[in-house]
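1. would you be able to build a 3D model of this:
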Amino acid sequence: MTKFKNDLSVSGHDNLVGWHGWPFRCHWNKQYKGHKNGHCSFHMDVRFPAWHRLIVVQLERGLSKYMRNKTLGIPYWDWTESIWKGLPPLLGNKTIFDTQRNITVENPFYRSLVRGHKPLKLFNGEPFYSQRRVGYDGLRQHAYFLRGVIRALTSDSFRFFDRNFEITPHNVVHGCLCNGTDRCSYGMTTVDFAAWDPAFMIHHSQVDRIYTLHRVLREELQIQDWTKEYIFDSYKPKIKAAKTRKKMMKKAEDLLHAIEMPLSPFCNASMNPFQVTLRKGVSNVITSYYGQELFGYKYDSFNLDDRDWRLLLVDMIKYRNRLNSEVPGLPFVSEMGKDLGLISKNSSSDWDLCKEHSHKHKS
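-> Okay, the predicted model is just below:
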């Protein structure tokens, strides 16, 4: 990891993490809502899961150059597991013991130097690192994260899954990594600098694992319908809510464009050094859903908090057999454990877990 972070080439750390936010390399994205500064990533948008899957693949490719065991990938942090009392040691320890050199060194997963940024008064004009002020109490609320994942995964609506999973637990975990200080503008709480914290790749490896589980569950039940039409249909209520026919048509056109468009900068040959994500037709919402086949990785397990993921199949079958099953988000008790209580919006969307929880743009 240290060698990867010191790699200043196009396939190195600084170039790749800079795709998410600062230094805002996708100026053509300014046409899209929330992209005035020209950052590349997408949030609260149908492109969110696909774009972040692709950036994890990029980071893994860059890191693998320096890994002895090429069969290993970026580890995931399952924040639903109650064994964690805060951050995993990989992320939380400031130092680690280097067994090869027999010395204690700085943990490369603890922070990253934000190279090339202009001097800031906040940091006394000195070079600065990604910032953290961890909300440990929030990170210990594992049941909230697990209920949020269950609620999102069991819905038939992709829009419901995408939006609710992004908010809780994705956004909340981002917010719990830094809160209560101005310096958090340069940490996990902002789109601009989130990826500069090494926790980003470990967190998003878990996010991608859940996204993969979304597919696995539907294939197990033989209800997989991963088509442009399926995704579009889940957004129809939002489209129909437009006040005029003209606005309705514009929303529909924008959604179809978002589903089909190649995602930047993965599709840009002048920016992307890795053929695996540069290949034609790979970097869009539809195709990238099949990440394991396209990018050659797989997860060791889909269990959540050491609970069998297959119990979610029972949840999905029961939910589909309920009255008003077409309504996403109806409260229910999960087979994953009665100790979780009612799976509902109130029990899985606690915005007070951390004071500054929103993963937002810094203007």
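2. let me see the contact set for D137.
-> Counting by Cβ atoms under 8 Å, 6 or more residues apart in numbering, D137 makes contact with L353. To be clear about C-beta, it is placed using only N, CA and C from the backbone, and glycine gets the same treatment.
3. host element of it?
-> helix 136-139 (DSSP states H and E).
4. what residues of that helix count as buried?
-> The neighbour-count check on helix 136-139 (16 or more other Cβ atoms under 10 Å) flags 138-139 as buried.
5. gap between that helix and the chain center?
-> Helix 136-139 sits 19 Å away from the centroid of its parent chain (Cα atoms, centre = their mean, to the nearest Å).
6. I'd like the average pLDDT over it.
-> Averaging pLDDT along helix 136-139 gives 86.
7. just the C-alphas of that helix, formatted as CSV.
-> The C-alpha trace of helix 136-139 is given here as CSV (Å, rounded to 0.1, in the frame of the first residue of the first chain):
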residue,chain,number,x,y,z
TYR,A,136,-17.2,5.7,17.5
ASP,A,137,-20.7,5.6,19.1
GLY,A,138,-22.2,5.8,15.6
LEU,A,139,-20.0,3.1,14.1
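8. who are the packing partners of the next helix or strand after it?
-> Of the helices and strands lying after helix 136-139 in sequence (DSSP H and E), the nearest is helix 142-153. The helices and strands touching helix 142-153, judged by 3 or more Cβ pairs under 8 Å, 6 or more residues apart in numbering; DSSP states H and E, are helix 158-165, helix 172-176, helix 199-220, helix 311-320, strand 342-343, helix 345-348.
9. switch the cut-off to 6 Å
-> Contacts defined by 3 or more Cβ pairs under 6 Å, 6 or more residues apart in numbering; DSSP states H and E place helix 142-153 against helix 158-165, strand 342-343, helix 345-348.
10. what's the closest of those to S205?
-> With Cβ to Cβ as the criterion, S205 lies closest to helix 158-165 of those, at 14.9 Å.
11. quick revisit: out of the helices and strands packed on helix 142-153, which one sits most buried?
-> Comparing the helices and strands packed on helix 142-153 by mean neighbour count (mean count of other Cβ atoms under 10 Å), helix 158-165 ranks first with a mean of 21.
12. and K246, how far from Y235?
-> Look at K246 and Y235: by Cβ to Cβ, to the nearest Å, they are 18 Å apart.
13. what does I55 give?
-> I55 is 23 Å from Y235, where distance means Cβ to Cβ.
14. out of these two, which sits in the busier spot?
-> The neighbour comparison of I55 against Y235 (other Cβ atoms under 10 Å) goes to I55, with 24 against 20.
15. confirm the more buried one sits in a helix?
-> Yes - assessed with DSSP: H, G, I helix; E, B strand; the rest coil, I55 lies in a helix.
16. what does stretch 305-315 contact?
-> With Cβ atoms under 6 Å, 6 or more residues apart in numbering as the test, stretch 305-315 has contacts from 80-82, 146, 153-154, 217, 220, 302-303, 334-336.
17. now the two most distant members of those residues.
-> S82 and E220 (25.7 Å).
18. can you report phi and psi for the residue lying farthest from the centre of the chain?
-> Farthest-out residue of the chain from its mean C-alpha position, per Cα atoms, centre = their mean: N102, at 35.5 Å. Torsion angles at N102 (phi, psi; degrees, to the nearest 10) stand at phi 60, psi 40.
19. pLDDT at it, what is it?
-> Value for N102, per-residue pLDDT: 93.
20. list the contacts for it?
-> So N102 contacts nothing (Cβ under 6 Å, 6+ apart).
21. any idea how far P89 is from it?
-> N102 is 20 Å from P89, where distance means Cβ to Cβ.
22. repeat for V134
-> From V134 to P89 the distance is 13 Å (Cβ to Cβ).
23. of these two, which one has the most company?
-> Each of V134 and P89 has its neighbours counted (other Cβ under 10 Å); V134 has more, 19 against 11.
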